[in-house]
Each structure stands twice: as C-alpha cells, then as structure tokens.
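Chemist: Predicted coordinates and the sequence they were generated for:
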Amino acid sequence: QVQLVESGGGLVQAGGSLRLSCVASVRAFGSYAMGWFRQAPGLEREFVATISATGSNTYYKDAVAGRFTISRDNTKNTGYLQMNSLKPEDTAVYYCAVEPAPPNAILAASARYDYWGQGTQVTVSS
C-alpha cells in the first residue's frame, strides 16, 4: 500500500516562499514518477510540476515556471516543491502524487497517477 504525506503548507504574504514536502511509504521510491497538483476553491485540480523517477527530468505549469522548483531525494523517499515569489493566485490545496514509471518519464496528467496524498493548504495573502 502506497501512502503519501504532504507537509509544509501555511499562510504566507505575497512574494514569500514555502517548501512543501511529500514523504512516500513505498518500496523502490526511485521507480516512481512524482507530480504536484493544486486545487483552488471552485476550480478543478490542476497540474503544477512533475519530476521523473531518477530526478533527471522536470516539467512545470507555465504559470509557476521560474518560481517553483520540484526536486526529490530518493534516499529519503521524499519529494519537494520549493515555491518562491508566491502570488495570491497560488492559493490552493497542494497534492503530491506518485506512479510507477520508466526512469526518465514525466507525467503531467492527473489521470496518470494512482497514488495521492491528503493535501496541504497554501494560502498567499496580498
């Protein structure tokens, strides 16, 4: 059974930073691609960033490219989303997700993921 636990959310002023963490209780974490998604009130869940199982490839939503950085430490079964220059429109519940995948594959579609965390709230005040 795969379990994901996110942490690091909170309330921050516009222009501030947060780092989200996602700890996975799974064997062979290094065989899973990881994604971060977010859902704002009244809106559908949307893709934010993804990283391949080896960490060699990443891909971002245009609106966060250059501000957010996805990374992972396979020795710690943990993925990260560093969020800088936060804007009020970044306010949402952020979810991490993982899925077994080839070493360099990146998965940007939520439908590709079977395993999800419970989410962590990020609120950016203006």
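Modeler: Looks like it came in fine.

Chemist: For the closest residue to residue 71 other than its chain neighbours, what is the enclosing helix or strand?
Modeler: Using C-beta to C-beta, 6 or more residues apart in numbering and skipping residues adjacent in sequence, the residue nearest residue 71 is residue 80, 4.9 Å away. For glycine as for every other residue, the C-beta is placed from the backbone atoms N, C-alpha and C. Taking DSSP states H and E as the criterion, residue 80 maps to strand 78-83.

Chemist: Mind listing the residues bridging to the spatially most central residue of the chain?
Modeler: For the chain, the residue sitting closest to the mean C-alpha position, by C-alpha atoms, centre = their mean, is residue 36 at 2.4 Å. Assessed by DSSP bridges, residue 36 has beta-bridge partners residue 49, residue 96.

Chemist: For it, which residues are in contact?
Modeler: 20, 22, 48, 49, 50, 70, 79, 81, 94, 95, 96, 97 (C-beta atoms under 8 Å, 6 or more residues apart in numbering).

Chemist: So in terms of bridging, what pairs with the residue nearest to residue 71?
Modeler: Per DSSP bridges, the residues bridged to residue 80 are residue 21, residue 71.

Chemist: measure it to residue 95 for me?
Modeler: Separation of residue 80 from residue 95 (C-beta to C-beta, to the nearest Å) stands at 14 Å.

Chemist: The two: which is more packed in?
Modeler: residue 95 (23 against 20; other C-beta atoms under 10 Å).
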